[in-house]
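Novice: this one's structure only:
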């Protein structure tokens, strides 16, 4: 029952976050799809629940993947969509407000 409650809480928070303002950003990172090679990417959009990034190679929705920012541990997620060289993924664990703010501050280009 606890697992279902946590899943429901994540789904609710993720849906709420999808309507939140998202800033365009460019963060260098690596992306590795399950069973694939690690690829260089640039994260273009980042939120508490997920991100979009460049991905020249098609990645099928539902694929497990790992995103790694410089100096950080890999974050597991799942591909939600792929379209014309861009991929959208949902994190398995929501970022905290502090984590999101730190990433935005470090990489906002100002």
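Specialist: Nice, I can see it. The structure displayed is predicted, hence computed values, not measured ones.
Novice: which residue ranges of the chain form strands?
Specialist: 24-33, 38-46, 50-54, 64-68, 75-83, 86-91 (DSSP state E).
Novice: could you spell out the sheet neighbours of the last one, each with its direction?
Specialist: Paired strands of strand 86-91, with direction, are strand 50-54 (antiparallel), strand 75-83 (antiparallel) (DSSP bridges).
Novice: buried ones in the last one, by neighbour count?
Specialist: Residues of strand 75-83 classed as buried by neighbour count (16 or more other C-beta atoms under 10 Å): 75, 77, 79-80, 82. Glycine gets a C-beta too; all of them are placed from N, C-alpha and C.
Novice: for residue 107, which of the strands of the chain is the nearest?
Specialist: strand 24-33 (4.4 Å; C-beta to C-beta).
Novice: what's the angle between that closest one and strand 38-46?
Specialist: Here strand 24-33 runs at an angle of 140 degrees relative to strand 38-46 (axes from the mean of the first three to the mean of the last three C-alpha atoms, to 10 degrees).
Novice: ok, and the closest non-adjacent residue to residue 51?
Specialist: residue 43 (5.0 Å; C-beta to C-beta, 6 or more residues apart in numbering).
Novice: now do the same contact list for that neighbour.
Specialist: 25-27, 29, 51-53, 67, 69 (C-beta atoms under 8 Å, 6 or more residues apart in numbering).
Novice: kindly report the same for residue 30.
Specialist: Shown in contact with residue 30 (C-beta under 8 Å, 6+ apart): 38-41, 67-68.
Novice: contact partners of stretch 65-77?
Specialist: Against stretch 65-77 from outside (C-beta under 8 Å, 6+ apart): 27-34, 41, 43, 50-51, 53, 59, 64, 78-79, 87, 89-93, 103.
Novice: for it, what is the average pLDDT?
Specialist: Across stretch 65-77, the average pLDDT comes to 95.
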